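> sequence-free structure coming up:
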């Protein structure tokens, strides 16, 4: 094969790779296999993807480069014939409480344009149908569709007086500073039981005023309700460190906005109709139903918009997401749903000659849906693109034009190319991957009998329809079903929360949010290593911490290849004086 038809890699020593040289065919589906930690991602992501992105970024101006992600040059003697790359990894979809399937996929932008063009009565431009724009958002909830409330009365004992400690809240326990400020204010009785308080007296204690929105009666008393809203709602609770405040988060309750009833938009925007439906009603439809409604629109002014929407919706349905709706919050999507949604975003692209890189795209997919994903990979290839896939699933590996097996084991015992060729040849290669592809898992002969059950009753989260089930204990239980059927909703959002004191939840969320964390620090045993090193050398344990006195003065304990070119700096060691 001519060199120009392959990605040429020579002398690759990235991470655990042992001087690897490869010719990777372009315009093909190439699947990288091997045990976890063997070096697959080091080739695909840390080398090909990183170098492609790095060289692409160098084509921009210095001003733009300063605002783009930084990619370190991989440890490779030669790498040629790269093309622009698109990376589809396992990271969760970005966004916040305002992000939905419609906004992430850009379909909602097209739908807003549709309503602004042919909606009746006419209410304004597309911005009037955006819940992120003041023109369209509900003024009560600012377009989020939900409001946060604090259940404070549930923490007040109706049989106690203020002097007896009627408020079961840490800040207002008898003798505490806040308790004294309220007691000395004189705006409510101290020896009267809560159940005997008048409405005005209750307002004085809860809001510091005659009415919930009235002027404050005392400069040091803003009301218990206002205090808790300030502590728990009107601040970024993810940054809270006070244990007492975190313990109070159970008082916060999320409810649909009473003004828009969860529809996010104001009344004027919701009054506009297309085909007899308001925009929130179309957003709430499952994709299969929405396709039918859009198909009834014959107004020539909307033809281009409708065709674009139908094309996007058809791709969503074809990849196995017909049950989703545009108003589904992106944070509630399962890992498999998020992977497919990201994949669909690229299917409408007219670009060719690209390199698409996938990280285990079958993760989280039901077996019946894997073939849908492989069809999309094949369609990307057939449009003239190169598709590189890191994968363990047999159904994905079997469609490869070429398989590259990395191993034999993980870490320092991996990093070698064991096989390169067709799937059929892989089965005869004798490698661990080849043998695993031929292996058939036997059925289990006996099953354990549960001794106890934990009940879940009338679960209604997301798409669960009053589900009641008994979860068995002391056995291995597998919850199955197609992606989006409600498995995660049942176990993660209902069962794990209901029995929080008995459940250890291991989910797909990242193990850390900082660049300083390592497996040793995350698991906690690095502290013990530092103590041993300190005792052996008669010094402070902080000298062996890259987050403290021991951090390299050049990089501040962050490490990284950017220091290797200089005389000073630790490379990846992070510590000073090694």
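Thanks, I have it. This is a predicted model, so every value here is computed, not measured.
> can you pull out the strands in the stretch 251-400 of the chain?
All strands of the stretch 251-400 of the chain, identified by DSSP state E, counting those that start in this stretch, fall at 252-256, 355-359, 386-390.
> Within the helices and strands, which one has the residue of the chain most remote from its centre?
Centroid-distance maximum for the chain: residue 191 at 50.9 Å, with C-alpha atoms, centre = their mean. Using DSSP states H and E, residue 191 sits within no helix or strand.
> do residue 436 as well
Using DSSP H and E, residue 436 falls in helix 432-438.
> Tell me which other helices or strands that helix touches.
Applying 3 or more C-beta pairs under 8 Å, 6 or more residues apart in numbering; DSSP states H and E, one finds that helix 432-438 contacts strand 402-407, strand 416-421, helix 423-427. No exception for glycine: its C-beta is placed from N, CA and C like everyone else's.
> Show me what that helix is in contact with.
The contact list for helix 432-438 (C-beta atoms under 8 Å, 6 or more residues apart in numbering) reads 33-35, 394, 397, 405, 407-408, 418-419, 423, 426-428.
> Only the buried residues of it, if you could.
For helix 432-438, burial by neighbour count (16 or more other C-beta atoms under 10 Å) applies to 432, 433, 434, 437.
> Could you list the low-confidence segments of the stretch 101-250 of the chain?
Applying pLDDT under 70 to the stretch 101-250 of the chain flags the ranges 234-250.
> how about the strands in it?
All strands of the stretch 101-250 of the chain, identified by DSSP E, counting those that start in this stretch, fall at 146-150.
> quick one, helices of it?
Using DSSP state H, counting those that start in this stretch, the helices of the stretch 101-250 of the chain run over residues 101-105, 107-118, 177-185, 199-207, 224-232, 243-247.
> Turn those helices into TSV, including mean neighbour count and distance to residue 159.
Listed next are the helices of the stretch 101-250 of the chain as TSV, based on neighbours: other C-beta atoms under 10 Å; distance: least, C-beta to C-beta, whole Å:
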stretch	mean neighbour count	distance to residue 159
helix 101-105	22	49
helix 107-118	20	52
helix 177-185	16	18
helix 199-207	18	15
helix 224-232	19	18
helix 243-247	11	24
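> could I get those helices as TSV with distance to residue 170?
Below are the helices of the stretch 101-250 of the chain laid out as TSV (distance: least, C-beta to C-beta, whole Å):
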stretch	distance to residue 170
helix 101-105	39
helix 107-118	43
helix 177-185	9
helix 199-207	17
helix 224-232	11
helix 243-247	5
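> all helices for the stretch 401-550 of the chain, in order.
423-427, 432-438, 487-488, 496-498, 519-523, 526-537.
> I'd like to know which of the ones you listed lies nearest to residue 120.
With C-beta to C-beta, the closest approach to residue 120 among those belongs to helix 487-488: 40.2 Å.
> so how far is that closest one from its chain's centroid?
Averaging C-alpha positions (C-alpha atoms, centre = their mean, to the nearest Å) puts helix 487-488 15 Å from its chain's average.
> How about stretch 434-445?
Relative to the centre of its chain, stretch 434-445 is centred 33 Å away, using C-alpha atoms, centre = their mean.
> Report the helix or strand with the lowest average pLDDT across this protein.
The weakest-scoring helix or strand in the chain, judged by mean pLDDT, DSSP states H and E, is helix 243-247 (a mean of 52).
> hmm, back to that, so which of the strands of the stretch 251-400 of the chain is the most packed in?
Mean neighbours per residue, mean count of other C-beta atoms under 10 Å, is largest over the strands of the stretch 251-400 of the chain for strand 386-390, with a mean of 25.
> follow-up on the earlier one: so can I have CSV of the helices of the stretch 401-550 of the chain showing distance to residue 257 and mean pLDDT?
Converted to CSV, the helices of the stretch 401-550 of the chain look like this (distance: least, C-beta to C-beta, whole Å; pLDDT from 0 to 100):
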stretch, distance to residue 257, mean pLDDT
helix 423-427, 53, 96
helix 432-438, 52, 94
helix 487-488, 25, 88
helix 496-498, 23, 90
helix 519-523, 39, 80
helix 526-537, 46, 88
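> most tightly surrounded among those helices?
Ranked by mean neighbour count, those are led by helix 487-488 with a mean of 20 (mean count of other C-beta under 10 Å).
> Could I get the contacting residues of residue 488?
residue 334.
> again with the one 5 residues further on
Counting by C-beta under 8 Å, 6+ apart, residue 493 makes contact with 461, 462.
> one more time with 10 Å, if that's ok
332, 459, 461, 462, 464, 486 (C-beta atoms under 10 Å, 6 or more residues apart in numbering).
> Distance check, it against residue 18.
Distance, residue 493 to residue 18, by C-beta to C-beta, to the nearest Å: 45 Å.
> And residue 40, by the same measure?
14 Å.
> overlap in contacts of these two?
Contact criterion C-beta under 10 Å, 6+ apart; residues shared by residue 40 and residue 18: residue 414.
> Looking at those two, which is more packed in?
In this view residue 40 and residue 18 are compared by other C-beta atoms under 10 Å, and residue 40 has more residues nearby, 25 against 12.
> can you give me the helices for the stretch 251-400 of the chain?
267-270, 279-284, 287-294, 303-318, 335-347, 367-382, 394-397.
> Now tabulate those in CSV and tack on mean pLDDT and mean neighbour count.
Listed next are the helices of the stretch 251-400 of the chain as CSV, based on pLDDT from 0 to 100; neighbours: other C-beta atoms under 10 Å:
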stretch, mean pLDDT, mean neighbour count
helix 267-270, 96, 18
helix 279-284, 96, 22
helix 287-294, 96, 17
helix 303-318, 93, 17
helix 335-347, 77, 21
helix 367-382, 87, 17
helix 394-397, 94, 19
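> how about the ones you listed, which one is nearest residue 507?
For residue 507, the closest of those is helix 335-347, at 9.0 Å, according to C-beta to C-beta.
> follow-up on the earlier one: which among the buried residues of helix 432-438 gets closest to residue 376?
Among these, residue 437 lies closest to residue 376 (C-beta to C-beta), at 22.4 Å.
> so how far is residue 369 from the closest one?
Using C-beta to C-beta, residue 437 is found at 21 Å from residue 369.
> that older thread, so which of the helices of the stretch 401-550 of the chain comes closest to residue 227?
With C-beta to C-beta as the criterion, residue 227 lies closest to helix 496-498 of the helices of the stretch 401-550 of the chain, at 26.3 Å.
> Remind me what the closest one packs against, helices and strands.
strand 453-459 (3 or more C-beta pairs under 10 Å, 6 or more residues apart in numbering; DSSP states H and E).
> The strand it packs on: which residues count as buried?
Neighbour-count burial for strand 453-459 flags 456, 459 (criterion: 16+ other C-beta under 10 Å).
> And for residue 327, nearest residue in space, chain neighbours not counted?
Leaving out its chain neighbours, the residue that sits closest to residue 327 by C-beta to C-beta, 6 or more residues apart in numbering is residue 283, at 4.1 Å.
> what would the helices of the stretch 251-400 of the chain look like in CSV with distance to residue 540?
Listed next are the helices of the stretch 251-400 of the chain as CSV, based on distance: least, C-beta to C-beta, whole Å:
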stretch, distance to residue 540
helix 267-270, 63
helix 279-284, 59
helix 287-294, 61
helix 303-318, 58
helix 335-347, 43
helix 367-382, 53
helix 394-397, 51
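> List just the one of the ones you listed that sits closest to residue 29.
Among these, helix 367-382 comes nearest to residue 29, with 5.2 Å by C-beta to C-beta.
> Just the angle for that closest one relative to helix 335-347, thanks.
20 degrees (axes from the mean of the first three to the mean of the last three C-alpha atoms, to 10 degrees).
> Off-centre distance for helix 367-382?
With C-alpha atoms, centre = their mean as the basis, helix 367-382 stands 23 Å off its chain's centre.
> Also stretch 53-61?
27 Å.
> Okay, buried residues for that stretch please.
Across stretch 53-61, burial judged by 16+ other C-beta under 10 Å covers 53, 54.
> Which among the helices of the stretch 101-250 of the chain is found nearest to residue 452?
With C-beta to C-beta as the criterion, residue 452 lies closest to helix 243-247 of those, at 29.0 Å.
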